[in-house]
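In: coords please:
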Amino acid sequence: MDYESVIGLEVHVQLSTESKIFSGASSHVTDKPNEHVDPVTFGLPGTLPVLNEKVVEFALRLGLALNCDIRRFNRFARKHYFYPDLPKGYQISQYEEPICGHGRLQFRDGEVTRTVGITRIHMEEDAGKSVHSAERQCSLLDLNRAGVPLLEVVSEPDIRSAREAAAYLRALRQLVRYLELSDGNMEEGSLRCDANVSLRPKGEMKFGTRTEIKNLNSFRFVERAIEYEVARQVAILKSGEPIVQETRLFDSESGTTRSMRSKEESADYRYFPDPDLPPLQIEESWINAVRAKLPTLPQEIFQSLIDDYGLSEYDAAVISAEHEYVRFFLEAQEVCKNPKATCNWITSEIFGALKQHGEQFSELRFSPLQLGQLIALIDQDVISGKIAKTVFEELYASGGSPNEIIERRGLKQITDDSAIREMVKEALRSNPEQVAQFREGNAKLLGFFVGQVMKLSKGSANPKLVNDILLEELKS
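Out: Take a look at the predicted model:
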């Protein structure tokens, strides 16, 4: 390409607080339509907003995790625009004095570590939801979402490709989940992304005219929308036409963007300080208290899994993707002292079973302790890897103790030398032709004999002992 993509993302994070940002109404947006609406949500005369302290704490938590400067003195502003799902006719947000700014997010894009600057993080309330009914030829309003607290995270225009934008968004989602600020579910609207896209000739420092793609609700759509918009702008520039600054929507079915409206600037919203909310002054002691409670962050955990537990970069990335995976891994390997095996059981057996049954990790019916016990039993030669998978099936289905399952079902591995030797001799007596062929040089038949012995033992014989004794008997 003769052009360089310049991309910045504006991400709205819906916070997991019990109540809304300026009222005591519940913030559970998925309940019955308009179940959680109160006079403050409607903006009825005589009502006053009261700031939810938890929202400020969440903003501090995210700002500190993103290495932002915390503004000790910040204020709320009114952002004016008309839309039916905005009952007050304005949205309470922050404009000139946001709570956080000048941060950075470090993340991995494939094998490369990237850092994208964070321009600002500000607190604001969400609008309601319009439901358009073609059948009834009308639009319905659900105001459960109105007033739900959001943090808007605005990146610097440091992103250079659609893939990198998706990687940045995944890293931000991972972070807010680690910090327990939001479930980050894009499909349900807990994480929403607007992408600002422009092009400039390679080597040019001045930015080109940008377009904004609104309300992208999946990582795949973010990537596809930006890829299309970059290609569209390249074609326009190569034809000699100018780019029109506008807001566009992404059509997921056609994979294209289409014009929605001309792009608003801040003046269009007529921002001014909200007279009903006093300026917010944040004490240093509060910042220090929030900093002291921050968990270990994803990048640190990723590196620790490599340095302290010997995992590969790929395995470390998979385990560190979710905080619940990390907790499960650490607790299980503490029991069996075998990090690599623990990782393999989580990423292969557990993830495979969850996918097969269409279940979530949080729905597991057994604990990390029980997985650790199962792995330890393999390492101690109490059971074989094959038997362990049988035990795991019951663990997955109904939980329980691995030891109890093994005892109840008679699955303990046979490690008695004489017992295995008798089974080996029986297998050789029953297959004289194969014995002769092996002794004539057909070494591949060893696997056949192992299978015969394992069949006789109903899968309980120690495979290593079976191999050793077979070789000894076949050579005698």
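
In: Would you map out the domains in this structure?
Out: 3-289, 296-409, 417-474 (automatic domain parsing).

In: Now for residue 91, how many residues are close by?
Out: Here the number of neighbours of residue 91 (other CB atoms under 10 Å) works out to 20. For glycine as for every other residue, the C-beta is placed from the backbone atoms N, C-alpha and C.

In: returning to that earlier point: any idea which of the domains of the chain scores lowest on pLDDT?
Out: Out of the domains of the chain, domain 417-474 stands lowest, with a mean of 84 (criterion: mean pLDDT).

In: Tell me how far that domain lies from the chain's centre.
Out: 49 Å (CA atoms, centre = their mean, to the nearest Å).

In: That domain: end-to-end distance?
Out: Domain 417-474 stretches 16 Å from its first residue to its last (CA to CA, to the nearest Å).

In: cool, stretch 372-386 as well?
Out: 16 Å.

In: now residue 414: how far from residue 302?
Out: 42 Å (CB to CB, to the nearest Å).

In: Skipping its backbone neighbours, what lies nearest residue 226 in space?
Out: residue 162 (3.8 Å; CB to CB, 6 or more residues apart in numbering).

In: before we move on, back to that, show me which of residue 414 and residue 302 is the more surrounded one.
Out: Using other CB under 10 Å as the criterion, residue 414 and residue 302 rank with residue 302 on top: 20 against 17.

In: Contacts only, for the more buried one.
Out: Going by CB atoms under 8 Å, 6 or more residues apart in numbering, residue 302 touches 108, 316-317, 320.

In: 6 Å instead?
Out: Taking CB atoms under 6 Å, 6 or more residues apart in numbering as the criterion, residue 302 is in contact with 316, 320.

In: That one belongs to a helix, doesn't it?
Out: Yes: when DSSP: H, G, I helix; E, B strand; the rest coil is applied, residue 302 is found to be in a helix.

In: If residue 141 is in a bridge, with which residues?
Out: For residue 141, the beta-bridge partners are residue 130 (DSSP bridges).

In: ok, how many other residues are close to it?
Out: Neighbour tally, residue 141, other CB under 10 Å: 15.

In: From residue 353, how far off is it?
Out: Distance from residue 141 to residue 353, by CB to CB: 43 Å.

In: ok, and the closest non-adjacent residue to residue 114?
Out: residue 107 (6.0 Å).

In: Mind giving me the packing neighbours of the particular helix or strand that has the one you found in it?
Out: Using DSSP states H and E, the element containing residue 107 is strand 100-109. Strand 100-109 sits against strand 69-70, strand 112-125, helix 162-178, with contacts defined as 3 or more CB pairs under 6 Å, 6 or more residues apart in numbering; DSSP states H and E.

In: Would you map the helices across the stretch 251-400 of the chain?
Out: Under the criterion DSSP state H, counting those that start in this stretch, the stretch 251-400 of the chain carries helices at the ranges 284-292, 298-307, 313-320, 323-336, 339-344, 351-357, 368-379, 385-398.

In: can you redo these as a markdown table with distance to residue 118?
Out: Shown next, in a markdown table, are the helices of the stretch 251-400 of the chain (distance: least, CB to CB, whole Å):
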| stretch | distance to residue 118 |
| --- | --- |
| helix 284-292 | 17 |
| helix 298-307 | 15 |
| helix 313-320 | 21 |
| helix 323-336 | 21 |
| helix 339-344 | 32 |
| helix 351-357 | 32 |
| helix 368-379 | 34 |
| helix 385-398 | 41 |
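
In: For residue 180, find the nearest of those.
Out: Distance to residue 180, taken as CB to CB, is lowest for helix 323-336 among these, at 8.1 Å.

In: For that closest one, give me every contacting residue.
Out: Contacts to helix 323-336, defined as CB under 6 Å, 6+ apart, come from residues 178, 301, 319-320, 339, 342, 361, 368-369, 371-372, 375-376.

In: Mind giving me the PyMOL command for buried ones among the residues you listed?
Out: In PyMOL, a selection of the buried entries from the contacts of helix 323-336 looks like this (16 or more other CB atoms under 10 Å):
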select buried, resi 178+301+319+320+339+342+368+371+372+375+376
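
In: any idea how far residue 151 is from the residue nearest to the spatial centre of the chain?
Out: Residue closest to the average C-alpha location in the chain (CA atoms, centre = their mean): residue 174, at 4.6 Å. Counting by CB to CB, the gap from residue 174 to residue 151 is 15 Å.

In: Residue 365: neighbouring residues, count only.
Out: Count around residue 365 with other CB under 10 Å applied: 12.

In: same deal with residue 66?
Out: Neighbours of residue 66 (other CB under 10 Å): 20.

In: ok, now which ones touch the closest residue to it other than its chain neighbours?
Out: Excluding the flanking residues, the one nearest residue 66 by CB to CB, 6+ apart is residue 103, at 3.9 Å. Neighbouring residues of residue 103 by CB under 6 Å, 6+ apart: 66-68, 118.

In: try 8 Å
Out: Residue 103 neighbours (CB under 8 Å, 6+ apart): 63, 66-69, 117-118, 121.

In: Determine which two of those are furthest apart.
Out: 63 and 117 (13.7 Å).

In: So what does the nearest residue to residue 72 once chain neighbours are set aside have for phi and psi?
Out: Spatial nearest neighbour of residue 72, chain neighbours left out: residue 282 (5.2 Å); criterion: CB to CB, 6+ apart. Dihedral pair for residue 282: phi -110, psi 120, per degrees, to the nearest 10.

In: now the angle between helix 162-178 and the longest helix seen in the chain, please.
Out: Counting residues, the longest helix in the chain under DSSP state H turns out to be helix 219-238. For helix 219-238 against helix 162-178, the angle by axes from the mean of the first three to the mean of the last three CA atoms, to 10 degrees is 150 degrees.

In: could I get helix 219-238 in PDB with only the CA atoms?
Out: Taking C-alpha atoms only, helix 219-238 is exported to PDB below (Å, rounded to 0.1, in the frame of the first residue of the first chain):
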ATOM      1  CA  PHE A 219     -13.800  -8.700  17.700                       C
ATOM      2  CA  ARG A 220     -14.500 -10.200  14.300                       C
ATOM      3  CA  PHE A 221     -16.700  -7.300  13.300                       C
ATOM      4  CA  VAL A 222     -14.100  -4.800  14.500                       C
ATOM      5  CA  GLU A 223     -11.500  -6.400  12.300                       C
ATOM      6  CA  ARG A 224     -13.800  -6.800   9.200                       C
ATOM      7  CA  ALA A 225     -15.200  -3.300   9.500                       C
ATOM      8  CA  ILE A 226     -11.800  -1.600   9.700                       C
ATOM      9  CA  GLU A 227     -10.400  -3.800   6.800                       C
ATOM     10  CA  TYR A 228     -13.300  -2.700   4.600                       C
ATOM     11  CA  GLU A 229     -13.100   0.900   5.600                       C
ATOM     12  CA  VAL A 230      -9.300   1.000   4.900                       C
ATOM     13  CA  ALA A 231      -9.900  -0.500   1.400                       C
ATOM     14  CA  ARG A 232     -12.800   1.900   0.700                       C
ATOM     15  CA  GLN A 233     -10.700   4.900   1.600                       C
ATOM     16  CA  VAL A 234      -7.700   3.700  -0.400                       C
ATOM     17  CA  ALA A 235     -10.000   3.400  -3.500                       C
ATOM     18  CA  ILE A 236     -11.400   6.900  -2.900                       C
ATOM     19  CA  LEU A 237      -7.900   8.500  -2.500                       C
ATOM     20  CA  LYS A 238      -6.500   6.700  -5.600                       C
END
